[in-house]
Structure formats: structure tokens, C-alpha cells
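In: pasting the structure only:
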């Protein structure tokens, strides 16, 4: 699903903007296509995809559009108002890549727009904003800090998230057993990263730190693959892809059959206008 978001930014009339409807329609169409052949989709996302497809067919369309996904997400929230799954958090890193040199507010708008295609619970949107802006900050500075996005949350939510972040820093990933819940997944991933901070100097020590963080996340249990994915998105943003062990990189692939070179090429095309504008490369 993250790959589709990156592809959509390239398909959005050349401006790499995920906030426009044509980009979101691309995401909706390709997520639906992906869903037809994948063996595992989260419960909430699966319900949204099915409902969006039904709404599209009722309107005479074979594939759902962004408006169908938004309506389906709103319907799912009405039926299960307490459901705040972690799926949007697992792909939020893709939403911020087109906005590395844009105002933070533009990145927040894109994060929320993509999140709302499947998840509308306030916890999911707020967690995605915090994690997405942390990924953006990590790419630009090499620092990991999930507090940088707090000013973009409503005032009444900030202290609650400060408490959640602090709790994670005082814990280990395995302590957050409800990690199918977006807040539990956020806390488990941040606990895994906090456990290896401060980030060491030296490429081999940094590689060891990345491995330690992801292994800690992967051993948390329950929705462990999602927690590891969320963890990897942030620690990887800070350290760059070369910190990923070569033996892991050799096994890396993505839908629909992308291998490492194609994944790298996709990201490089997304950030190419920003690299050209700044005149600098990016370790990420």
C-alpha cells in the first residue's frame, strides 16, 4: 500500500501532490487492485475496501474512487467507533516523501488525506501525523523525535500524546500487547527505537542499532510485522538504506514484484524534484 502511495505522487500531474483528487483516485484504484490478490489485509482496511467496491458498483464503476473509500471509511467508523487500527501508521512514511522541502502544513494535509481513505478515528490521524512528521524530520536531520509534530495536534490532544510517548520511552515493545490498536503500535515502535538511542556514530554501529530496534519490535508479539514495519520506517529514515544489512536488502521486494533496485528507483523519482531544488543528495 505504501508503494501505491509513492506511485500516486508520480502520477499526480507532475506536481507530486497527494492532496489532489486525481492522486487519491489513483491510490483507491490501485489499493483495490492489490486487494484482489493479497492473502492478508487488516480487518478494518478489508472492510473499507469491500464497502468502497460495493459503493463504486452501485454508482456504475468497476473500481472504487477516493470518494468511495472515504465514504466506506466513515461508514466503518460509524459501525465500529472504537476501532482504531494501525494500518495507516504502517504506510505513513510514504505520504511525507513528496513534502520534504514543502511547509510542514502541506505534509500534514497529505498525511491526513491518505489516512482518511481507510482510517478516520482521531487516534489514527494523530498518530499518523506524529509519526509521519518524525520520518520527515529524520530524513532531513538524521534525528529521531516523535515530538516534532505535536504543534499540529489539537491542544486537548497534545498532553495525552506526550504521556503516551513518555510511557513508551520507559517501556519495552513487548509491554504494549494491544499493538493492533494504533496507539499500542505507535508506542511499541517508539519503545523499540528509544531502546537504541542515542544513535551511535559509525556506520557499523548504526547498522547494529537499526537491527536491534527492528528485532526488538519483531519480538513484541501479536501484530509484530506491523510494529516492525513502523519501527523500520523511522529508524531507516534517520540512518538511510545503507544501514540495512546487505543480507536483508538482498531479500527485499515489494508489490507488484519490485526488487531493491526498483524500490530505490521509485523513491528517487519521488524525491528527485527536491534534490534538484536543494542541490543536495539524500542519505535516505
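Out: Cool, got the structure. As the structure is a computational prediction, the values presented were derived from the model and not from experiment. Numbering: from 1, shown residues only.

In: Mind listing what's buried along the host helix or strand of residue 215?
Out: Here residue 215 sits within helix 203-218, counting by DSSP states H and E. Across helix 203-218, burial judged by 16 or more other Cβ atoms under 10 Å covers 206-207, 209-211, 213-214, 216-218. Yep, even glycine has a C-beta here, placed from its N, CA and C like the rest.

In: ditto for stretch 128-140
Out: Buried residues in stretch 128-140 (16+ other Cβ under 10 Å): 128-139.

In: which outside residues touch that stretch?
Out: Stretch 128-140 is contacted from outside by 88-89, 92-93, 95-97, 99-100, 104, 107-108, 111-112, 115, 119, 143-150, 152-153, 161, 186, 189, 230, 233-234, 237-238, 282, 284, using Cβ atoms under 8 Å, 6 or more residues apart in numbering.

In: Around the closest residue in space to residue 80 that isn't next to it in sequence, count how many other residues there are.
Out: Using Cβ to Cβ, 6 or more residues apart in numbering and skipping the chain neighbours, the partner closest in space to residue 80 is residue 44 (7.5 Å). Residues near residue 44, counting by other Cβ atoms under 10 Å, number 24.

In: Quick one: residues in contact with the host helix or strand of residue 44.
Out: Following DSSP H and E, one finds residue 44 within helix 43-58. Helix 43-58 is contacted by residues 28, 31-32, 35, 41, 62-65, 68-69, 71-73, 75-76, 80, 83, 85, 87, 117-119 when judged by Cβ under 8 Å, 6+ apart.

In: just the buried members of these?
Out: Buried residues within those, counting neighbours by 16+ other Cβ under 10 Å: 28, 31-32, 35, 41, 63-65, 68-69, 71-73, 75-76, 83, 85, 87, 117-119.

In: The residues you listed in strands, which ones?
Out: Applying DSSP state E to the buried ones among the contacts of helix 43-58, no entry is found in strands.

In: Among the contacts of stretch 128-140, which ones are in strands?
Out: Among the contacts of stretch 128-140, no member falls in strands (DSSP E).

In: what's the distance between the helix holding residue 215 and the middle of its chain?
Out: Relative to the chain's own centre, helix 203-218 is displaced by 19 Å; criterion: Cα atoms, centre = their mean, to the nearest Å.

In: for stretch 43-58, same thing?
Out: Centre-to-centre, stretch 43-58 and its host chain are 21 Å apart (Cα atoms, centre = their mean).

In: if you go through this protein in chain order, where are the helices?
Out: Listed from the start of the chain, the chain has helices (DSSP state H) covering 2-11, 21-35, 43-58, 66-79, 87-96, 104-115, 122-141, 155-169, 182-194, 203-218, 224-239, 246-251, 260-278.

In: Output those in a markdown table, with distance to residue 175 appended to each entry.
Out: Shown next, in a markdown table, are the helices of the chain (distance: least, Cβ to Cβ, whole Å):
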| stretch | distance to residue 175 |
| --- | --- |
| helix 2-11 | 27 |
| helix 21-35 | 33 |
| helix 43-58 | 23 |
| helix 66-79 | 28 |
| helix 87-96 | 18 |
| helix 104-115 | 26 |
| helix 122-141 | 18 |
| helix 155-169 | 9 |
| helix 182-194 | 7 |
| helix 203-218 | 11 |
| helix 224-239 | 12 |
| helix 246-251 | 26 |
| helix 260-278 | 33 |
